[in-house]
Structure formats: C-alpha cells, structure tokens
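pasted the sequence and its predicted model underneath.
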Amino acid sequence: MNPTATRTNPVRPRRAGRILGLLVGIGLAAALAAAVAPALRDPANVTRLTIDNQTVYQLNVEVSATGDGGWADLGTVGRQRAKAIAQIADQGERWFFRFSYGGVDAGRVVRTRAELASGRWTLSVPAEVGDRLRSAGMPPSAF
C-alpha cells in the first residue's frame, strides 16, 4: 500500500472544531445582546403630568420611583396654580412625590400609576402639604 493513501487528514478535525467554536461564540454573543438590549432602550415616558397646587405656597416638587433616592426635580408650582410638565420618565408602578417650600419639607405622597392614569395624569397636592408648612410657621408665598 502506498503510504500517502493511508494518511489521515488532520485538517478536518481542526476545521470542525473551529466551526463549533464559531457557532458557540455566535450563540453567546446573541444571548448577551438579548440580555443587554432592554437596558439600552430609552426609558418609557409619560407624555404629560399636571401638578395641581391649591395651597397658598409656591411648592418645589420632586418625583422618585423608590422614595429612597434618585429624586427628579419637577420644578416649582405657583400657589393656587396648576403646572403641566411634559415628557417625564415613567417611575413604574409606584410614584413618590415630595414637596418643599423655602427649604422646609412639606411632606410626601405616593400614587400608583393606575391612580395617576385614571386621574388623567393629574396630581392634586394634598391640603396636608399646606397645613404642614403653616404649622412650621411659613408665611404664604407671594405667587
């Protein structure tokens, strides 16, 4: 027998191993992309939220998804006025709001997304917010 006729071809096992490695690599890359993709999406937004402040204080309003930190400033709302705020990041199932005036804490409220949606995305500032500021000796704001 001719020695070249009985020789095995070492290229095929290496090629099969490379193809298998390539397929495994592609599969891992696809799994990683699927896991990371939700984090790369823009956060959902609420088109418009209205803060209805019927107290006699100009209030600073902040919102948070947890109530423990990560507060987003929604700005000030004049006394006995309503303010519409456009494009607010969706805070999730529970929205935590906190109020202040002149550096004085005026309290917090929690609303569910369902409550806000059923109220046409309007948050009415509770009267207790004004009561707390009055109790703290704060005079009504000029505007």
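Looks like it came in fine.

contacts, neighbours, all on C-alpha from now
OK.

would you list the phi and psi of Gly70?
Backbone dihedrals for Gly70, given as degrees, to the nearest 10, come out at phi 70, psi 40.

isn't it right up against Ser64?
Yes: using C-alpha atoms under 8 Å, Gly70 is in contact with Ser64, at 6.0 Å.

shaky segments in this protein?
For the chain, residues meeting the criterion pLDDT under 70 lie at 1-13, 16, 33, 36-43.

mind listing the strands for the chain?
Per DSSP state E, the chain carries strands over the ranges 45-53, 59-64, 72-77, 81-89, 94-101, 104-112, 122-124.

in JSON lines: the ones you listed, plus distance to Ala29.
Below are these laid out as JSON lines (distance: least, C-alpha to C-alpha, whole Å):
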{"stretch": "strand 45-53", "distance to Ala29": "30"}
{"stretch": "strand 59-64", "distance to Ala29": "35"}
{"stretch": "strand 72-77", "distance to Ala29": "35"}
{"stretch": "strand 81-89", "distance to Ala29": "30"}
{"stretch": "strand 94-101", "distance to Ala29": "35"}
{"stretch": "strand 104-112", "distance to Ala29": "38"}
{"stretch": "strand 122-124", "distance to Ala29": "44"}
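
need phi/psi at the residue nearest the centre of the chain.
With distances taken as C-alpha atoms, centre = their mean, the residue of the chain nearest its centroid is Gln91 (4.5 Å). Taking degrees, to the nearest 10, you get phi -80, psi -10 for the backbone angles of Gln91.

what's near enough to touch it?
Ser64, Ala65 (C-alpha atoms under 8 Å, 6 or more residues apart in numbering).

how about 10 Å then?
Pro43, Ala44, Asn45, Val46, Val63, Ser64, Ala65, Thr66, Thr112, Arg113 (C-alpha atoms under 10 Å, 6 or more residues apart in numbering).

end to end, how far does stretch 75-82 reach?
Distance between the two ends of stretch 75-82: 12 Å, counting by C-alpha to C-alpha, to the nearest Å.
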